[in-house]
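Trainee: pasting the structure only:
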Ligand code: MRU
């Protein structure tokens, strides 16, 4: 994406030394666009846990580079043991997004194909770069396929603006570039289709208010921020033509884990006969779980609910309290939308029903991805 006139990915190796990884610190957005340098696997773990980076795709890429940073630091005489320990820690840094362990496993598998620690370091770097490049390509493909859905709706509406509702941030900031849910929107804009996006604020972390609205502004996409409870009302009044969301983990049977509140949007869309699509690269598919209810749901600190963070009048980012001292808060970060509420999955290989046979037909290699 272009920010301040320059093209950025959300993560990249420092071109000056290739031993550091640079990220955009998402905690500071939309107020400050600042980068942070990851030098160690511990830095990568902290960045994932504390949401300097977030979003399934980007968490995965960061974990892939994290293994590379671990390989750089691992002494030759206990290389494999160190990597094993670091990969377990990285893999457990957040529980819900499938891409995290997928990327860790992929880089570790690549290292197993060579012998010496030096060769392993080299191949870890290559594989982490491959994951990032592939992510960009897959998001572009998702955009291409998703565009056809938007085009069809535009034709049905005889060229009038297509209103799309999205939840959380499955955009550029959740991947290396383009995003999953936003890719069809960007493709539609490029195809000259008039688009307007309803952006759910996405309490408690406010990914919609802080990230998606900002991201769409950078891309000059007409958008309106709404509070999380507004979507149903808009749908009842014919103001939403289509819902597109991302996902952190999707079972091979089509159940979708996504940011808390997604399920309620899917129910409202179903009740109002509005198409509800989920955009995802295949790295998000969990080939082992048959039922979405088995997906581990992250519970974060209640402080994210009892407080709110933003920029104050002195231009400093600060956190203020919303609730009375001692208020008990339960912060479930994700929920499950059952396959039956989903119109289709937009993947890099095309659009597919949220259904086991259809998913396996499109990805016959399944768990080998
Ligand atoms: O807690 P986060 O911000 O890492 O949650 C991830 C999300 O933004 C998801 O809800 C998103 O839609 C899927 S990530 C591509």
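Mentor: Thanks, I have the structure now. Everything numeric in this text was worked out from a predicted model, so none of it was measured.

Trainee: what about residue 132, distance to residue 290?
Mentor: Residue 132 is 31 Å from residue 290, where distance means Cβ to Cβ, to the nearest Å. Placement of C-beta: from N, CA and C, glycine included.

Trainee: So for the two, which sits in the more crowded spot?
Mentor: Neighbours were counted for residue 132 and for residue 290 using other Cβ atoms under 10 Å; residue 132 has more, 26 against 12.

Trainee: Quickly note the distance from that one to the ligand.
Mentor: Distance from residue 132 to the ligand, counting by Cβ to the nearest ligand atom, to the nearest Å: 15 Å.

Trainee: Report the rounded mean pLDDT for the helix or strand where that residue lies.
Mentor: Here residue 132, judged by DSSP states H and E, is contained in helix 117-156. If you average the pLDDT over helix 117-156, you get 98.

Trainee: I'd like to check the angle between the next helix or strand along the chain from that helix and helix 117-156, please.
Mentor: Using DSSP H and E, the helix or strand that follows helix 117-156 in sequence is strand 162-166. Angle, strand 162-166 to helix 117-156, by axes from the mean of the first three to the mean of the last three Cα atoms, to 10 degrees: 140 degrees.

Trainee: near the ligand, which residues of the protein show up?
Mentor: Proximity of the chain to the ligand, by Cβ under 6 Å from any ligand atom, involves residues 54-57, 168-170, 174, 180, 207, 245-248, 258-259, 333.

Trainee: In strands only, show me the residues you listed.
Mentor: Among the residues of the chain next to the ligand, DSSP state E puts 245, 258-259 in strands.

Trainee: you'd agree residue 43 is in a strand?
Mentor: No. Counting by DSSP: H, G, I helix; E, B strand; the rest coil, residue 43 is located in no strand; its state is helix.

Trainee: which ones are touching the closest residue to it other than its chain neighbours?
Mentor: Counting by Cβ to Cβ, 6 or more residues apart in numbering, the nearest residue to residue 43 once its immediate chain neighbours are dropped is residue 69, at 7.3 Å. Applying Cβ atoms under 8 Å, 6 or more residues apart in numbering to residue 69 gives the contacts 19, 21, 38-41, 43-44.

Trainee: From the residues you listed, keep the buried residues only.
Mentor: For the contacts of residue 69, a burial check counting by 16 or more other Cβ atoms under 10 Å picks out 21, 38, 40-41, 43-44.

Trainee: ok, so of the residues you listed, who is nearest residue 192?
Mentor: Of all the buried ones among the contacts of residue 69, residue 192 sits closest to residue 21, with 37.2 Å by Cβ to Cβ.

Trainee: So which residue is smack in the middle of the chain?
Mentor: residue 55 (2.9 Å; Cα atoms, centre = their mean).

Trainee: As a check, name the ranges of all helices in the stretch 201-350 of the chain.
Mentor: 207, 213-218, 231-236, 262-271, 303-306 (DSSP state H, counting those that start in this stretch).

Trainee: which of those sits most buried?
Mentor: Highest mean neighbour count of the helices of the stretch 201-350 of the chain: helix 207, a mean of 27 (counted as mean count of other Cβ atoms under 10 Å).

Trainee: Low-confidence bits of the stretch 51-200 of the chain, can you list those?
Mentor: Within the stretch 51-200 of the chain, no range satisfies pLDDT under 70.

Trainee: can you tell me the residue of the stretch 1-150 of the chain closest to the ligand?
Mentor: Residue nearest to the ligand within the stretch 1-150 of the chain (Cβ to the nearest ligand atom): residue 54, separated by 3.4 Å.
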